[in-house]
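S.K.: next one to model:
(4 chains)
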2 protein chains.
Amino acid sequence: MNSDFAIGLHIVGFLTARQGQPLTSEALADSYGTNAVVIRRVLSRLQHAGLVETRRGIGGGSVLAQEPSSINLRQVYEAVTDNPEVLRRHPVEGKGVARVLGVYINDLCRDAERALLRQLESVTVKQMDAVVRPRIRSAQCKPKK
Amino acid sequence: MNSDFAIGLHIVGFLTARQGQPLTSEALADSYGTNAVVIRRVLSRLQHAGLVETRRGIGGGSVLAQEPSSINLRQVYEAVTDNPEVLRRHPVEGKGVARVLGVYINDLCRDAERALLRQLESVTVKQMDAVVRPRIRSAQCKPKK
DNA sequence: TGATAATGTAACTAAAATAGTTACATTAAA
DNA sequence: TTTAATGTAACTATTTTAGTTACATTATCA
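M.R.: Next up is the predicted model:
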């Protein structure tokens, strides 16, 4: 697993907090702490999945392409991930015991991953924003006293 | 994620099917299709977790150290894994938005992983064996007709 | 129209993770 | 005491990951 899911959530979360105000890949990169190209590569995937829209040129940048309430975190995960597997598969070219075990183990991995995806699916971007945004405000407006 | 979980399950599954007959790392390696040292490294972890017992010397090898019914697959997973995280964390050294998002995203990853582990926990080695063993037999005694 | 500010993307690099291998010390059984 | 096994360190090759440079493309605006 690479960092693309964390980056994707960062992008989506940040864009949502901005409520339609476009953010540049540069701003996102500064925020996440990486290079703008790394961000653009993830943005490109989010675009293809229809989760984000990007405009070039002066005043350009990215915004969410859908309502935060209609995007769940599994969609983000799948948008940014080539291969959704998080557990390494058992080779299945073997024979006899090896093959039988391989098939069983791989089915099992799929079940476990399904459970993970169900969990991600149960959270929408809107729900994420509802938790995150108030914390951002209170973090920015320095703790009173 | 490396292949250690698949290897660990292979080991445990194979040992269980053997019902107390020790298997050498060489035999396990041939079965999985790797080098015996790779197997021994995983065996070493399974031993430390108390899931497997190994004896050196002639006639040596490994056997299960517990009843198959009292081992679940989460135990195998945790035995062979340094870091049980399957989703890459968000860096959390940032400030403001980055930090708030990071904390939220990491909590979320933990929840998703918990769902995956719960799934693994729900399957015992005995249950695995109950599915796998019959298939091994029928694979060995060539399909009739 | 031309300067500017943004994205898109290929190509390269450094570092880390992964899997495999060799070598050899240790242990236990026959 | 020979033989067959494990334990483990050290090394290598490959792949993955993250980051970077470079530059073409696109859009805005003065």
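
S.K.: show me what counts as buried in the helix or strand encompassing residue A:136.
M.R.: According to DSSP states H and E, residue A:136 maps onto helix A:125-140. By 16 or more other C-beta atoms under 10 Å in any protein chain shown, the buried positions in helix A:125-140 come out as A:125, A:128, A:129, A:132, A:133, A:135, A:136. Backbone N, C-alpha and C define where each C-beta goes, glycine included.

S.K.: the second one contacts residue B:104, doesn't it?
M.R.: Pointing back at residue A:128 there. Yes - counting by C-beta atoms under 8 Å, residue A:128 touches residue B:104, with 6.6 Å between them.

S.K.: identify the residue nearest residue A:2 in space, chain neighbours excluded?
M.R.: residue B:88 (6.2 Å; C-beta to C-beta, 6 or more residues apart in numbering or on different chains).

S.K.: scan chain A for its longest helix.
M.R.: For chain A, the longest helix by residue count, based on DSSP state H, is helix A:96-121.

S.K.: wait, does that one contact chain B?
M.R.: Yes - against chain B, helix A:96-121 shows contacts by C-beta under 8 Å from any C-beta of the partner chain at A:96-105, A:108-109, A:111-116, A:118-120.

S.K.: filter those residues to the buried ones?
M.R.: With neighbours counted using 16+ other C-beta under 10 Å, the residues of helix A:96-121 next to chain B contain these buried positions: A:97-105, A:108-109, A:112-113, A:115-116, A:119-120.

S.K.: just give the nearest non-adjacent residue to the most far-flung residue of chain A relative to its centre, would you?
M.R.: Distance from the C-alpha centroid of chain A, by C-alpha atoms, centre = their mean, peaks at residue A:96 (39.7 Å). Leaving aside its sequence neighbours, residue A:96 sits nearest to residue B:139 (C-beta to C-beta, 6+ apart; 5.7 Å).

S.K.: that neighbour and DNA strand D, how far apart?
M.R.: Distance, residue B:139 to DNA strand D, by C-beta to the nearest atom of the strand, to the nearest Å: 24 Å.

S.K.: and that residue, what does it touch?
M.R.: A:95, A:96, A:97, A:99, A:100 (C-beta atoms under 8 Å, 6 or more residues apart in numbering or on different chains).
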